[in-house]
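Visitor: Compute the structure for the input listed below.
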Amino acid sequence: MAGPPPARPLLCALALLLQAGALSGVIWEEWWTYDGISGPAFWGLINPEWSLCNKGHRQSPVDLEPEKLLFDPNLRNVRVNSHRVNGLLTNTGHGAVLALDNSTRRALNVSGGPLAYKYQLHELHFRYGLVDSVGSEHVVHGRAFPAEIQIFGFNSDLYVNFSDAMQKAQGLVALSLLLQVGDLSNPELRILTDQLDRVQYRGDSVPVTRVSVHGLLPNTSSYITYEGSTTMPGCHETVTWIVFNKPIYITKQQLLALRRLMQGTMDTPKAPLGNNFRAPQSLHNRPLRTNIDFRKDAVSRTSHDGVRKSGRWGGTRRATTQHLRGEVRLPKRSKGPITGRPRRNE
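Guide: Numbering: from 1, shown residues only. Just a heads-up that it's a prediction; the model follows:
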């Protein structure tokens, strides 16, 4: 029986890639991808400044296993300003990114929750799969959602801008919204997805007006938080992650619009842009804290909003107009609800 294919051709190709970069003064931002020899497994080798991608111990995303949740009674509600802002939606070749316009006197801020400082929201990233079974970067018991929206902000109390804060302690915050397929989508999400046909190719941009980030958030005060990293090179370990415990909803048509985006330009479109997610990373004993107190919500309640049980991330895959406020539910591959309970931080 033939053994595994030799690693030498792959190593040679990687060496040529590194040599080409060194000789040409390449802009590394253009070289990394989500697959092949420039994919996540090699990010830390391609560029020495990205070494944390391979050697870091506080990397993101992670698997949110409910039985590992640690209840922290000191966690507060997350506060996000409710005023509307403008932005620029761009196909970067790695994803669809909404850069928020904070040039006005009223910056869009997030505070509270696990945060000791005020953070100014900066940009929004779409992660999604080319099929419904993958897409989100954060997973629940190994199960992914079709998409995830990540909203990044920088510590405006300590740092001047996003670039300055990216490599500094307590520099960034990321709000994670898991997306689930439903019959009706979030209204603010529709404002963004309605513009996707105008950013089909890398470098395409379109202005977006009067978006409410607050309105994009799920209707819940429950969340999970941990200390992690950016999920793209250079994987800076400066991010406080806040993952909300309910989904927002996206329609099949909106997912198809995302999946029509291309990695390349109109002249060289390359492949579709989807599957732009990094695999879950090891926790390395980091705590997954939550403000969900299962003792106060031990009795399930059934209503048109669905069944809610503290510490559970379960239910059916498809959202309908009758339970648009249900908690995060596992994708179709799940055989049932997750029943792990958070431990209490005494």
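Visitor: make it CA atoms for all contacts and neighbour counts henceforth
Guide: Fine.
Visitor: Might you report the residue contacts of the residue nearest the centre of the chain?
Guide: Taking CA atoms, centre = their mean, the centroid of the chain lies closest to residue 150, which sits 3.8 Å from it. By CA atoms under 8 Å, 6 or more residues apart in numbering, the contact set of residue 150 is 124, 125, 126, 127, 174, 175, 176, 177.
Visitor: did I read that right, residue 41 in a strand?
Guide: No: read with DSSP: H, G, I helix; E, B strand; the rest coil, residue 41 is helix and lies in no strand.
Visitor: so it makes contact with residue 54?
Guide: Yes: assessed by CA atoms under 8 Å, residue 41 is found in contact with residue 54 at 7.4 Å.
Visitor: Make TSV from the contacts of residue 150 and add pLDDT to it.
Guide: Formatted as TSV, the contacts of residue 150 follow (pLDDT from 0 to 100):
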residue	pLDDT
124	99
125	99
126	99
127	99
174	99
175	99
176	99
177	99
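Visitor: want to throw those residues into JSON lines with secondary structure and neighbour count?
Guide: JSON lines is the format used below for the contacts of residue 150 (DSSP: H, G, I helix; E, B strand; the rest coil; neighbours: other CA atoms under 10 Å):
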{"residue": "124", "secondary structure": "strand", "neighbour count": "21"}
{"residue": "125", "secondary structure": "strand", "neighbour count": "19"}
{"residue": "126", "secondary structure": "strand", "neighbour count": "21"}
{"residue": "127", "secondary structure": "strand", "neighbour count": "27"}
{"residue": "174", "secondary structure": "strand", "neighbour count": "25"}
{"residue": "175", "secondary structure": "strand", "neighbour count": "22"}
{"residue": "176", "secondary structure": "strand", "neighbour count": "26"}
{"residue": "177", "secondary structure": "strand", "neighbour count": "26"}
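Visitor: Closest one to residue 266 out of those residues, please.
Guide: Minimum distance to residue 266 across the contacts of residue 150 is 20.8 Å, recorded for residue 126 (CA to CA).
Visitor: Name the nearest residue to the closest one, ignoring sequence neighbours.
Guide: Of all residues not flanking residue 126 in the chain, residue 149 sits nearest, at 4.9 Å (CA to CA, 6 or more residues apart in numbering).
Visitor: Name the helix or strand for that neighbour, please.
Guide: According to DSSP states H and E, residue 149 maps onto strand 147-155.
Visitor: ranges for the helices of the stretch 101-250 of the chain?
Guide: Remark: helices assigned in the stretch 101-250 of the chain by DSSP state H, counting those that start in this stretch are 162-166, 187-193, 213-216.
Visitor: Adding mean neighbour count and mean pLDDT as columns, could you present these in TSV?
Guide: Formatted as TSV, the helices of the stretch 101-250 of the chain follow (neighbours: other CA atoms under 10 Å; pLDDT from 0 to 100):
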stretch	mean neighbour count	mean pLDDT
helix 162-166	18	97
helix 187-193	16	97
helix 213-216	18	98
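Visitor: how about these, which one is nearest residue 284?
Guide: Nearest to residue 284, of all the helices of the stretch 101-250 of the chain, is helix 162-166, at 21.7 Å by CA to CA.
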